[in-house]
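K.L.:
Sequence first, then the predicted structure, then my questions.
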Amino acid sequence: MNEILDKYKREKGGEMSSYLFKPTRKQIKEACLWLLERRRGKYDEAILNRFFKFKEGENKSYAIERVNGDRFKPILNFLAGETKSTTPANLELIAWLIDFRPRPLSVYLNSNTKHEYEAPLHKSTPQMHINTPLPIPETRVIEKTDKSITIISQINPTLKITTIVSL
């Protein structure tokens, strides 16, 4: 998402610049460990659980230490501009690391803030009746060039399932 990447480039990690100015896989892991007990926003635990897939009752610091560094490679590629898109879990971890707000993505996309690269295509009203057809998910364009388009779709806001597709 361009806004997250723009904040990263502008601030080079902000408070975490000692880890994120020219990050390595190890530095991203160390930043996660350092922030684990320090950055505890309303949705931050869910963001971390989504990325690290913690087991019930697992020591989170120990689990992060055990994560293979290759898990952070797509994040490095995205931050370096080697890839133009990444998974929602990666975007949310980057947002957490650089303290991008509001987060997670579903909260950001539904905020009243004007987003430079967004153009609402369709907004549906969720229906809670059993025999009612499912609503069409809210979809937004987050980046458009002459050769590609990246869209994000809130498939199920209740379960916080979001999909990002680049074509």
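P.N.:
Nice, I can see it. Numbers count the residues shown, from 1 in each chain.

K.L.:
alpha carbons only for contacts and neighbour counts from here, please
P.N.:
Will do.

K.L.:
And stretch 33-52, what's buried?
P.N.:
Across stretch 33-52, burial judged by 16 or more other Cα atoms under 10 Å covers Leu33, Leu36, Asp44, Ile47, Leu48, Phe51, Phe52.

K.L.:
can I get these in a markdown table with secondary structure, pLDDT and distance to Pro23?
P.N.:
Shown next, in a markdown table, are these (DSSP: H, G, I helix; E, B strand; the rest coil; pLDDT from 0 to 100; distance: Cα to Cα, whole Å):
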| residue | secondary structure | pLDDT | distance to Pro23 |
| --- | --- | --- | --- |
| Leu33 | helix | 96 | 15 |
| Leu36 | coil | 95 | 18 |
| Asp44 | helix | 94 | 21 |
| Ile47 | helix | 95 | 20 |
| Leu48 | helix | 96 | 19 |
| Phe51 | helix | 96 | 18 |
| Phe52 | helix | 97 | 19 |
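
K.L.:
Okay, helices next: where are they in this structure?
P.N.:
Per DSSP state H, the chain carries helices over the ranges 2-11, 17-20, 25-35, 44-52, 60-66, 73-79, 88-98, 105-110.

K.L.:
Which of the ones you listed has the lowest mean pLDDT?
P.N.:
If these are sorted by mean pLDDT, helix 105-110 sits at the bottom with a mean of 79.

K.L.:
for that one, which positions count as buried?
P.N.:
In helix 105-110, counting by 16+ other Cα under 10 Å, buried: Leu105, Ser106, Leu109.

K.L.:
I figured the first one hits Glu92, correct?
P.N.:
Yes. Using Cα atoms under 8 Å, Leu105 is in contact with Glu92, at 6.6 Å.

K.L.:
ok, back up a step: among the helices of the chain, which comes closest to Thr145?
P.N.:
Closest of these to Thr145 is helix 2-11, at 12.5 Å (criterion: Cα to Cα).

K.L.:
what helices or strands is the closest one leaning on?
P.N.:
helix 88-98 (3 or more Cα pairs under 8 Å, 6 or more residues apart in numbering; DSSP states H and E).

K.L.:
and His129, what pLDDT?
P.N.:
pLDDT, read off for His129, is 40.

K.L.:
that older thread, which one among the buried residues of stretch 33-52 gets closest to Lys26?
P.N.:
Nearest member of these to Lys26, counting by Cα to Cα, is Leu33, at 10.6 Å.

K.L.:
Touching, that closest one and Asn59? I think so.
P.N.:
No. Contact criterion Cα under 8 Å: Leu33 and Asn59 do not qualify, at 11.6 Å.
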